[in-house]
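A.B. asks: Okay, structure incoming, though there's no sequence with it:
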């Protein structure tokens with residue numbers, strides 16, 4: 001039984017009503033890593049068509065991480081002294097991790113998608129342990145995140161990280177290795193046991209032989225050796241010939257186009273809309289997305305444009321039904337609060353995410369993080385509470401005034417509720433929780449926490465309270481610390 005029941009009856013037809021703040025918050029939480037109050041306010045009243053096109057166009061045009069100076073280093077470029085080389089390697093990985101973390105916060109849909117694909121085309125850094133391989137892999141994810149899926153499949157399979165991770169670098173004509181061929185079908189394109197046979201895996205492994213040039217020095221880019229490639233005939237998905245790497249990709253997409261489209265669109269649906277893709281309500285949507293995918297020659301962006309503009313996506317039953325991943329937990333808060341952050345904040349967030357189950361570029365296994373329920377257990381939920389409280393405290397210690405500004409921004413563009421503590425508290429609650437709190441009693445408890453610093457005075461009774469008073473930053477701080485432990489804060 002799924003954690004949430006999918007009762008969404010909306011169609012893929014365009015959502016035509018002007019977007020309100022709740023619609024836009026929902027869009028930004030799913031399409032990127034959320035957004036600040038000013039960013040949300042800019043889109044209020046616009047059409048889904050206009051806002052989605054703007055965000056997708058921005059993502060398509062967004063820059064990828066520039067190559068660091070060490071991006072092509074091999075082991076020969078590091079000092080021979082391990083006491084010097086070790087810290088240097090760690091510093092380079094931390095540099096790239098911080099760059100990628102900032103991209104997640106800055107690049108909206110581009111890196112929401114690149115991170116999605118890192119959990120689809122999985123590699124685990126400790127297996128290959130080469131910084132230049134990691135950069136090549138991350139670069140491939142970013143460049144192809146919104147591009148052509150067939151091209152993506154072709155390129156990712158020849159990254160050195162993937163060739164090492166799934167043993168393609170040891171797949172030669174005399175001793176074929178089936179690991180990559182199996183995962184190409186099972187995890188990357190078709191789904192387990194769907195549309196292929198064991199014989200297809202064996203024959204595909206033979207076609208993929210030859211990418212075994214690993215160099216004499218570790219961490220050297222892996223290249224093709226024609227002498228190690230099997231040149232005999234192979235039969236793959238019913239097609240016989242002297243097939244090589246490019247032929248495998250062509251045959252797969254020619255012979256199994258509909259199956260690939262349905263499998264990938266199912267994953268996009270569960271990631272962006274609802275964890276229950278098996279529901280009767282979801283199947284027509286996935287079928288429609290798959291038809292769009294095939295009609296656009298496996299271009300990814302048109303599928304996302306259609307989905308994000310749809311009645312189905314904006315249906316109320318789609319809001320707040322996905323459990324935040326650890327990365328979502330911290331990065332959404334950074335974006336939504338609009339608090340000032342630096343590389344240290346980003347690195348701390350990435351480290352905290354690793355502690356509660358999500359280490360960037362190192363999923364749990366080749367099948368990736370299974371998401372949703374996986375993120376919530378006794379240890380992880382306590383870790384989520386405690387680490388979020390630490391982040392709130394660090395932001396408060398760094399600059400209390402930004403907590404006041406958050407409250408004022410939440411009051412709305414005209415500041416109409418700046419003198420009403422109950423309305424300010426509700427506005428902050430509704431900003432950070434996708435569907436607010438569950439009951440009136442929950443709201444009352446949260447509002448009581450917000451009001452506490454001035455409860456011993458008569459300032460509320462006299463109507464003289466406002467967000468410009470000295471202790472109002474503390475009120476926002478207390479409310480946020482209360483909210484991060486609420487069940488509704490774990491959802492997006």
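C.D. replies: Perfect, I can see it now. Note that this is a predicted model, so its numbers are computed, not measured.

A.B. asks: can you pull out the strands in the chain?
C.D. replies: Here the chain has its strands, by DSSP state E, at 234-236, 239-241.

A.B. asks: closest one to residue 71 among the ones you listed?
C.D. replies: Residue 71 sits nearest to strand 234-236 of all these, at 34.6 Å, using C-beta to C-beta. No exception for glycine: its C-beta is placed from N, CA and C like everyone else's.

A.B. asks: Can you give me every residue that contacts the nearest residue to residue 366 once chain neighbours are set aside?
C.D. replies: Leaving aside its sequence neighbours, residue 366 sits nearest to residue 122 (C-beta to C-beta, 6 or more residues apart in numbering; 5.3 Å). By C-beta atoms under 8 Å, 6 or more residues apart in numbering, the contact set of residue 122 is 165, 187, 363, 365, 366, 367, 368.

A.B. asks: cutoff 10 Å now
C.D. replies: 162, 165-166, 183, 187-188, 361-369 (C-beta atoms under 10 Å, 6 or more residues apart in numbering).

A.B. asks: on that earlier part again, comparing the strands of the chain, which comes out most buried?
C.D. replies: The highest mean neighbour count among the strands of the chain, using mean count of other C-beta atoms under 10 Å, belongs to strand 234-236: a mean of 20.

A.B. asks: what does that one contact?
C.D. replies: For strand 234-236, using C-beta under 10 Å, 6+ apart, the contacting residues are 181, 196, 199-207, 240-244, 247-248, 251-252, 255.

A.B. asks: swap the cut-off to 6 Å and go again
C.D. replies: 200, 203, 204, 206, 207, 243, 251 (C-beta atoms under 6 Å, 6 or more residues apart in numbering).

A.B. asks: pLDDT (mean, whole number) over that strand?
C.D. replies: Averaged across strand 234-236, pLDDT comes to 98.

A.B. asks: Which strands border it, and is each parallel or antiparallel?
C.D. replies: strand 239-241 (antiparallel) (DSSP bridges).

A.B. asks: now the strand it pairs with, how far from the centre of its chain.
C.D. replies: 38 Å (C-alpha atoms, centre = their mean, to the nearest Å).

A.B. asks: what sits up against that strand?
C.D. replies: Outside strand 239-241, the residues touching it (C-beta under 6 Å, 6+ apart) are 233, 251.

A.B. asks: Mind doing that once more with 8 Å?
C.D. replies: 233, 234, 247, 251, 255.

A.B. asks: Filter the residues you listed down to the buried ones, PyMOL style.
C.D. replies: Per 16 or more other C-beta atoms under 10 Å, the buried members of the contacts of strand 239-241 correspond to this PyMOL selection:
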select buried, resi 234+247+251+255
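
A.B. asks: Narrow the contacts of strand 239-241 to those in helices?
C.D. replies: 247, 251, 255 (DSSP state H).

A.B. asks: what would those look like in a markdown table with distance to residue 141 and pLDDT?
C.D. replies: Output for the ones in helices among the contacts of strand 239-241, formatted as a markdown table (distance: C-beta to C-beta, whole Å; pLDDT from 0 to 100):
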| residue | distance to residue 141 | pLDDT |
| --- | --- | --- |
| 247 | 25 | 98 |
| 251 | 25 | 98 |
| 255 | 26 | 98 |
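
A.B. asks: what's the closest of the residues you listed to residue 450?
C.D. replies: residue 255 (60.4 Å).

A.B. asks: Any idea how many residues pack against the residue nearest to the closest one when sequence neighbours are not counted?
C.D. replies: Distances taken as C-beta to C-beta, 6+ apart put residue 237 closest to residue 255, at 4.4 Å, once the chain neighbours are dropped. For residue 237, the neighbour count with other C-beta atoms under 10 Å is 18.

A.B. asks: Distance of residue 237 relative to residue 459?
C.D. replies: From residue 237 over to residue 459 the distance is 74 Å, taken as C-beta to C-beta, to the nearest Å.
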